[in-house]
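[1] Have a look; sequence and predicted model below, questions after that.
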Amino acid sequence: DLVRLGQETATSLQIGNVEFQELNLTALDPDEAFDLIVSIDVLEHIPEPRSVLALMQNVLTPKGYAYFHIPTTRQRPVPFSRHLESSDHWAEEEHLAEDLTAEEFVNVLEDLGFGIESVTRTFGYWTGELATSLFALPHAQSRRNKVLQGLLSPLCRLLVLLDPFAWDRHRFAVGVMMRSDAD
């Protein structure tokens, strides 16, 4: 559905030089070439993300760009953590990759040959993490919880919008923009 929606959006905006695909990241065709790779909160769900990152580096065109965003190790529990045990249990089952610090993740990317353009720490404790925790409180699928999430959504969106301006020292995720180092 998301591939179809992306293609419909590109068509409606009259953008003809873009293609949307669903691919298995662990089995990328080395003959494929991509000008842009975007991965937001995906790599933590792959048991061996380094091998997938190496595959992505190999299919990135010489002037191509990639953006990766991942959660990083936490220095302290998330807000409302004692009320999020069932949600946290899901995350523990779904997050298969080894937790890394932001610095460790950037080092992995550099070791693979990505040219780092920018590193942005995201998800401050009182902004991004609070928004995520608030939205996850009523995570179980029920009519009541969907209404609660709908009511919490504007506050959570505001907190996320404030994240870049936050004063938080503790950041729980990292976004990295990079280019292919190939000339």
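    Happy to help now that I have it.
[2] Could you give the average pLDDT over the host helix or strand of L159?
    Assessed by DSSP states H and E, L159 sits inside helix 143-162. In this model, helix 143-162 has an average pLDDT of 89.
[3] What's the first helix or strand after it?
    Taking DSSP H and E, what comes next after helix 143-162 is strand 171-180.
[4] Just the CA trace of that following strand, in PDB.
    Extracted C-alpha coordinates of strand 171-180, given in PDB (Å, rounded to 0.1, in the frame of the first residue of the first chain):
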ATOM      1  CA  ARG A 171      19.200  11.800  23.100                       C
ATOM      2  CA  PHE A 172      17.900   8.400  22.300                       C
ATOM      3  CA  ALA A 173      18.300   8.200  18.500                       C
ATOM      4  CA  VAL A 174      20.500   9.400  15.700                       C
ATOM      5  CA  GLY A 175      19.900  10.500  12.100                       C
ATOM      6  CA  VAL A 176      22.900  10.400   9.800                       C
ATOM      7  CA  MET A 177      23.000  11.900   6.300                       C
ATOM      8  CA  MET A 178      25.800  10.500   4.100                       C
ATOM      9  CA  ARG A 179      27.000  10.400   0.600                       C
ATOM     10  CA  SER A 180      28.800   7.700  -1.300                       C
END
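[5] List the strands paired with that strand, with their directions.
    Sheet pairing here is set by DSSP bridges, and for strand 171-180 it gives strand 60-71 (antiparallel), strand 114-124 (antiparallel).
[6] In the chain, where is pLDDT below threshold?
    Applying pLDDT under 70 to the chain picks out residues 85-92, 95, 181-183.
[7] at 50 instead, please
    182-183 (pLDDT under 50).
[8] Let's have the strands paired with strand 171-180 in a markdown table, adding distance to E94 and mean neighbour count.
    Heads up, the C-betas are built off the backbone N, CA and C, glycines and all. Shown next, in a markdown table, are those (distance: least, CB to CB, whole Å; neighbours: other CB atoms under 10 Å):
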| stretch | distance to E94 | mean neighbour count |
| --- | --- | --- |
| strand 60-71 | 11 | 18 |
| strand 114-124 | 17 | 17 |
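[9] what sits opposite the nearest residue to S118 once chain neighbours are set aside in the beta ladder?
    Excluding the flanking residues, the one nearest S118 by CB to CB, 6 or more residues apart in numbering is M177, at 4.7 Å. Beta-bridge partners for M177, by DSSP bridges, are Y67, S118.
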